[in-house]
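Colleague: I would like the atomic coordinates for the input below:
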Amino acid sequence: MHIGYAAMLEQFPPSDAVGYAELAERNGFSGVMATDHFQPWLPQLGQAGHVWSVLGAIGARTAGDFGPGVTTPTFRTHPAVVAQASATLASMYPDRHWLGIGSGEALNEHVVGQYWPEAHERIARMFEAVEVIRKLFTASMAGRETRHRGQFFTLETTRLWTMPKVAPKILVATAGPVTARRAGRVADGLITTGGPYDRLAALVARFAEGARESGRDASTMPRMLQLHVSWAPTDDEAMRNALTEWPIGGMRFSRSDIRSPFEFEQLARTVRPEDFAGRMLVSSDPDLHRAHIQRHLDLGFDRIYLHNVGRNQAEFLEVFGRDVLPGLRA
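Modeller: From the prediction side, this is the model:
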């Protein structure tokens, strides 16, 4: 069982996020997933630190695993540059860093001015990016050069000159069963975010199907979940935090095509307390949170990274480290 901390770089300044990651480890959390944003979801969140800079500092200040949850090597950043950044971290912090990859959202990726494609093309780009990164990792580990010319990306003959002894695991983010199955065939692990239990169970099952098709056992592969919760000393405060800090947790529609924090701000005004039901736990009761996390462990996730949506991070880490984590079981 592995319960880590989700460092939300769109919500906290970089130095604060690193400090919270260190505090999480002191309270029994065992790793860090850091978000990769060029813009925050909402203007009032107020931050968008560069994930690779922050991950380097997290590696220096903690001892557990860490990685981006998730980065998009298809629009703002070429897959070769992501591979270089990941290999560098893995060289600095052996056996600790993993690489989480997603298909992207317009909020972050449209800023470079490219055409924003439909979901099927974004997913195709993501899997080709995985191919490029794996080519670089494999060839560079062997001291060879490689190249790539595909539908979306070109890589001239080259290699990574800084490589760890063991390449980072490549994990693919998915929200749908088709992508989950494909991830099981080609990736080293799965990443997703919290949502209805039946949807998450289906993702884990389809990922396992894909792994079997490639001759692998999904039970030996990382299955990561970023889980948003709202905890505070009272239920009223927990709900206020959810509505003011993380109303996107109650949005029941796709967010991938929305381009501006100010558009999200307008949509957030439509979110009501009942919209969080079945999507994000809002409660002051540590027992309810423990049962909620346990149910996700029982679904088949072996690594869960918790994000408490309020600003009360230090209090949350102390309470969960004392009253929630010790009661969980693998």
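
Colleague: ranges for the strands of the stretch 51-200 of the chain?
Modeller: Using DSSP state E, counting those that start in this stretch, the strands assigned to the stretch 51-200 of the chain run over residues 65-68, 99-101, 146-149, 154-158, 170-173, 189-193.

Colleague: what's the mean pLDDT across the fourth one?
Modeller: Mean pLDDT, computed over strand 154-158, is 98.

Colleague: which strands or helices does it pack on?
Modeller: helix 79-92, helix 119-141, strand 146-149 (3 or more CB pairs under 8 Å, 6 or more residues apart in numbering; DSSP states H and E). Bear in mind the C-beta positions are built from the backbone N, C-alpha and C, glycine included.

Colleague: ranking the strands of the stretch 51-200 of the chain by burial, who's on top?
Modeller: strand 99-101 (a mean of 28; mean count of other CB atoms under 10 Å).

Colleague: how about residues contacting that one?
Modeller: Strand 99-101 is contacted from outside by 33, 67-73, 82, 86, 126, 129-130, 133, 168-173, 191, 224, using CB atoms under 8 Å, 6 or more residues apart in numbering.

Colleague: follow-up on the earlier one: point out the most buried one among the helices and strands packed on strand 154-158.
Modeller: Highest mean neighbour count among the helices and strands packed on strand 154-158 (mean count of other CB under 10 Å): helix 79-92, with a mean of 21.

Colleague: which helices and strands does that helix pack with?
Modeller: Judged by 3+ CB pairs under 8 Å, 6+ apart, helix 79-92 is in contact with helix 51-61, strand 99-101, helix 119-141, strand 154-158.

Colleague: most centrally placed residue in this protein?
Modeller: The chain has residue 69 as the residue nearest its centroid, 2.2 Å off, counting by CA atoms, centre = their mean.

Colleague: contacting residues around that residue?
Modeller: By CB under 8 Å, 6+ apart, the contact list for residue 69 reads 6, 33-36, 100, 173, 191, 224, 226, 305.

Colleague: residue 257 now?
Modeller: 105-106, 116.

Colleague: same question, residue 174
Modeller: Residues counted as contacts of residue 174 (CB under 8 Å, 6+ apart) are 180, 183, 190-192, 203, 207.

Colleague: quick check: phi and psi at residue 175.
Modeller: phi -120, psi 0 (degrees, to the nearest 10).

Colleague: would you agree it is in contact with residue 192?
Modeller: Yes. With contact defined as CB atoms under 8 Å, residue 175 and residue 192 form a contacting pair (6.2 Å).

Colleague: residues shared between the contacts of these two?
Modeller: residue 203.

Colleague: one step back: so which of the helices and strands packed on strand 154-158 gets nearest residue 197?
Modeller: Among the helices and strands packed on strand 154-158, helix 119-141 comes nearest to residue 197, with 23.4 Å by CB to CB.

Colleague: alpha carbons of the closest one, as PDB, please.
Modeller: What follows is helix 119-141 as a C-alpha-only set of coordinates in PDB (Å, rounded to 0.1, in the frame of the first residue of the first chain):
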ATOM      1  CA  ALA A 119      -9.800  13.900 -28.300                       C
ATOM      2  CA  HIS A 120      -9.000  11.000 -30.700                       C
ATOM      3  CA  GLU A 121      -6.000  12.900 -32.200                       C
ATOM      4  CA  ARG A 122      -4.800  14.000 -28.800                       C
ATOM      5  CA  ILE A 123      -4.700  10.400 -27.700                       C
ATOM      6  CA  ALA A 124      -2.900   9.300 -30.800                       C
ATOM      7  CA  ARG A 125      -0.300  12.000 -30.200                       C
ATOM      8  CA  MET A 126       0.100  10.900 -26.700                       C
ATOM      9  CA  PHE A 127       0.800   7.300 -27.600                       C
ATOM     10  CA  GLU A 128       3.200   8.300 -30.400                       C
ATOM     11  CA  ALA A 129       5.000  10.500 -27.800                       C
ATOM     12  CA  VAL A 130       5.300   7.400 -25.500                       C
ATOM     13  CA  GLU A 131       6.900   5.600 -28.500                       C
ATOM     14  CA  VAL A 132       9.400   8.400 -29.000                       C
ATOM     15  CA  ILE A 133      10.300   8.500 -25.300                       C
ATOM     16  CA  ARG A 134      10.700   4.800 -25.000                       C
ATOM     17  CA  LYS A 135      12.900   4.700 -28.100                       C
ATOM     18  CA  LEU A 136      15.200   7.300 -26.500                       C
ATOM     19  CA  PHE A 137      15.300   5.500 -23.200                       C
ATOM     20  CA  THR A 138      16.000   2.100 -24.700                       C
ATOM     21  CA  ALA A 139      18.600   3.300 -27.200                       C
ATOM     22  CA  SER A 140      20.300   5.600 -24.700                       C
ATOM     23  CA  MET A 141      20.600   2.900 -22.100                       C
END
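
Colleague: relative to strand 154-158, how tilted is that helix?
Modeller: In terms of direction (axes from the mean of the first three to the mean of the last three CA atoms, to 10 degrees), helix 119-141 departs from strand 154-158 by 0 degrees.

Colleague: please enumerate residues in contact with helix 119-141?
Modeller: With CB under 8 Å, 6+ apart, helix 119-141 has contacts from 72-74, 79-80, 82-83, 86-87, 99, 101-104, 117, 145-146, 148, 150-153, 155, 158-161, 163, 167-168, 170, 172, 179, 182, 186-187, 256.
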